[in-house]
Structures are given as C-alpha cells and as structure tokens.
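Asks: Fold the stuff below for me.
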Amino acid sequence: MKLSHSLAAGAALLITAGCAITPPSLPSASTSAPPATTSASTSASPTVATSPPVVSPTVPSAAGALDVTKYEVSMFASPSGSIWCAVKDDSAWCHFPANYQAKVPTSEEVCPEEQLDVTGVSVGNKVEYFCSGDPTAFPALNNAGYGLEWFASSGFPKVKYSGFTLATLPYGKKLADGSFVCLSEKSGITCGDTSTGIGFKMAKAGVTFIS
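Replies: Have a look, this model is predicted:
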C-alpha cells in the first residue's frame with residue numbers, strides 16, 4: 001500500500017391587543033354621557049424565514065476517548081460501513097466512501113508522478129488529499145490482525161458491508177493515539193491533531209478541512 005501526502009425566529013407571530021376605553025361619565029342632570037366605546041387593534045410582525053447557523057467542525061478533544069496508543073495503528077469503519085479510517089501517533093486518515101458526492105481533485109493535481117488514484121484525506125504535519133493503489137485503512141475482521149488489535153477488547157459492534165465484516169467506531173465514540181483523535185458521528189468522521197488544531201471531517205456529502 002502506498003500512501004502519498006502531497007495535496008483535499010423560525011417564523012414568529014406577535015399579536016398586540018390594546019383596548020382604549022372611554023371612562024364612564026359621572027351622572028348629570030343636564031347632560032347625558034355618551035356611551036363607552038371600545039376599540040381594539042392588532043398588529044402582526046411579518047414572517048421571517050431564517051437558516052440555522054452553520055457550525056464549522058473542530059478537532060475533537062481526547063476527553064472520553066478510547067486510548068489506542070499502545071498499537072502501531074488502529075483502523076475502523078463508520079457504523080454504516082462506508083467510511084474507512086485509521087489513526088496512529090503521527091497521523092490520521094479516511095478514505096472517501098463509495099457514495100462520495102463531492103468533487104475529488106485529480107491525480108495530476110495531487111500525485112502527478114505516481115499514477116495512483118486520489119482516495120482520501122489525511123492529517124499529519126498538514127491536512128491534504130492522498131493517493132493510494134489500495135485501501136490504506138481496511139478494517140475488515142475477515143482478515144483479523146494488523147490494525148484491528150484495538151477492537152478485540154473494545155466491545156464495539158461490527159457491521160456487514162460489501163461482503164466484509166468491519167470493525168466500527170460507534171457514533172459518539174472516539175479513538176486517541178498520542179495527540180491524534182478521531183470522532184465518529186452521524187454527520188461523519190472527524191480526525192485531527194489536538195496539539196495543532198488541524199484536521200478534517202469526512203462525510204458522504206464532502207470533506208471539510210480544519211485549520
């Protein structure tokens with residue numbers, strides 16, 4: 001496997017009701033008091049459609065993470081099985097899922113001399129797209145061994161995907177190896193270096209670089 005890092009409210013309705021009432025007149029022998037009148041006015045603010053604020057991803061903290069520093073590398077899949085990632089003490093990376101919807105840079109842009117496909121995004125000294133000939137993170141338990149030692153005692157579930165049984169990192173769980181942390185969420189996998197604050201978030205809709 002060859003890995004190259006060269007460069008990827010609501011609507012509101014306000015009702016104000018006011019009553020202007022003429023105070024009753026005192027009894028008089030020479031005049032008759034006019035009848036009391038009541039007026040009501042209602043005003044409504046226009047409906048305003050607003051979008052929820054866009055929250056940029058950040059590098060997850062190591063708090064509550066499963067410590068995998070004793071392993072050379074730890075590979076895992078998203079609970080859906082579609083995103084494959086790995087974390088080690090000096091880097092972390094994820095491959096694009098098969099149903100990836102965003103544009104991927106060309107090999108000529110990322111690894112022009114290697115004749116390999118651009119297959120994912122990594123974070124080490126920097127965040128970048130990488131090229132590989134084969135998956136560099138392959139968390140298949142069918143060939144249990146390298147990269148999956150961490151999973152045996154984790155108690156985490158497996159998932160069947162494309163004919164393979166994969167080790168997963170459940171939603172809300174994190175792995176930490178040195179300063180590198182990966183977090184699994186329904187919205188995607190976020191990995192980064194807590195010491196530098198750089199990283200990325202990989203999702204079906206696309207990848208976001210964190211810097």
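
Asks: In this structure, where is pLDDT below threshold?
Replies: Where the chain drops to pLDDT under 70, the residues are 1-54, 144.

Asks: Let me see the contact set for the residue most central in space within the chain.
Replies: Per Cα atoms, centre = their mean, the C-alpha nearest to the average position across the chain is that of Ser187, at 4.2 Å. Ser187 makes contact with Lys201, Ala203 under the criterion Cβ atoms under 8 Å, 6 or more residues apart in numbering. Every C-beta, even on glycine, is put in place using the N, C-alpha and C of the backbone.

Asks: now it: how far from Lys70?
Replies: Computed as Cβ to Cβ, to the nearest Å, the Ser187 to Lys70 distance reads 30 Å.

Asks: any idea where the helices of this structure begin and end?
Replies: Here the chain has its helices, by DSSP state H, at 107-110.

Asks: Excluding covalently adjacent residues, which one is nearest to Gly192?
Replies: Gly199 (2.0 Å; Cβ to Cβ, 6 or more residues apart in numbering).

Asks: beta partners of the one you found?
Replies: Per DSSP bridges, residues listed as beta-bridge partners of Gly199: Gly192, Ile210.

Asks: what's the answer for Phe164, then?
Replies: With beta bridges defined as DSSP bridges, Phe164 has these partners: Tyr161.

Asks: correct me, but it touches Ala140?
Replies: Yes. With contact taken as Cβ atoms under 8 Å, Phe164 and Ala140 are classed as touching, separated by 4.3 Å.

Asks: More neighbours: these two, which one.
Replies: When Phe164 and Ala140 are compared for neighbours, Ala140 comes out ahead with 20 against 16, by other Cβ atoms under 10 Å.

Asks: quick one: that one from Gly163, how far?
Replies: Applying Cβ to Cβ, one obtains 9 Å for the distance of Ala140 from Gly163.

Asks: now Ala98
Replies: Using Cβ to Cβ, Ala98 is found at 13 Å from Gly163.

Asks: what do you get for Trp93?
Replies: Distance from Trp93 to Gly163, counting by Cβ to Cβ: 23 Å.

Asks: same check, this time on Ser184
Replies: Using Cβ to Cβ, we find Ser184 at a distance of 22 Å from Gly163.

Asks: In terms of neighbours, single out the busier of these two.
Replies: Set side by side, Ser184 and Gly163 show unequal neighbour counts under other Cβ under 10 Å, the larger going to Ser184 at 25 against 7.

Asks: ok, for the more buried one, nearest residue in space, not its chain neighbours?
Replies: Beyond its immediate neighbours in the sequence, the residue positioned closest to Ser184 (Cβ to Cβ, 6+ apart) is Leu169, lying 4.2 Å away.

Asks: Repeat that for Thr208.
Replies: Nearest residue to Thr208 in three dimensions, chain neighbours excluded: Lys201, at 4.5 Å (Cβ to Cβ, 6+ apart).
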